[in-house]
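Asker: Pasting the sequence and the predicted coordinates here, then a few questions.
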Amino acid sequence: MLAVAGALSLVAGPANALSKTGIASFYDTSSGTQTASGQRLDDHALTAAMRVPVPLGTRVRVTNLDNGRVVTVTINDRGPFIAGRIIDLTLAGAQALGFSGLARVRVESL
């Protein structure tokens with residue numbers, strides 16, 4: 001289990017700037033269902049789901065705070081729906097960040 005003090009924080013900045021710190025997970029995209037944007041879920045795509053009010057199609061930089069790895073993904077779905085998590089990544093996104101369960105991350109809009 002991963003515990004993070006102050007698991008969720010939002011930093012103010014320009015009107016459309018986003019900087020959140022919290023827990024990332026990855027979601028199973030093998031079902032091939034559609035995302036909120038209408039795209040099919042794809043394990044190999046660098047896409048993600050976020051609940052915060054960012055428009056679908058927004059590109060965000062995700063940094064793994066434990067190993068420093070960074071990936072840029074496109075928000076094409078809504079979620080995660082588990083308390084305390086701020087972003088659900090595809091398998092490709094999680095692999096790029098070097099994690100297979102949960103990870104402490106910073107998410108910043110580009």
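Answerer: Here it is on my side, so go on.

Asker: Give the buried residues for the one helix or strand residue 21 maps to.
Answerer: Residue 21 belongs to strand 19-26 when elements are defined using DSSP states H and E. Under the neighbour-count criterion of 16 or more other C-beta atoms under 10 Å, strand 19-26 has 20, 21, 22, 23, 24, 25, 26 buried. Every residue, glycine included, has its C-beta placed from N, CA and C.

Asker: okay, that strand in CSV with CA atoms only?
Answerer: What follows is strand 19-26, C-alpha atoms only, in CSV (Å, rounded to 0.1, in the frame of the first residue of the first chain):
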residue,chain,number,x,y,z
SER,A,19,-0.4,21.2,-11.3
LYS,A,20,-1.6,18.4,-9.2
THR,A,21,0.3,16.0,-7.0
GLY,A,22,-1.2,12.6,-6.0
ILE,A,23,-1.6,9.0,-6.8
ALA,A,24,-1.6,7.5,-10.3
SER,A,25,-2.9,4.1,-11.3
PHE,A,26,-3.3,2.4,-14.6
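
Asker: Does that strand pack against any helices or strands, and if so which?
Answerer: strand 9-10, strand 85-89, helix 91-97, strand 102-109 (3 or more C-beta pairs under 8 Å, 6 or more residues apart in numbering; DSSP states H and E).

Asker: same thing but at 6 Å, please
Answerer: strand 85-89, strand 102-109 (3 or more C-beta pairs under 6 Å, 6 or more residues apart in numbering; DSSP states H and E).

Asker: burial count for residue 92?
Answerer: 18 (other C-beta atoms under 10 Å).

Asker: is it true that it touches residue 44?
Answerer: Yes. Between residue 92 and residue 44 there is a contact at 5.2 Å, judged by C-beta atoms under 6 Å.
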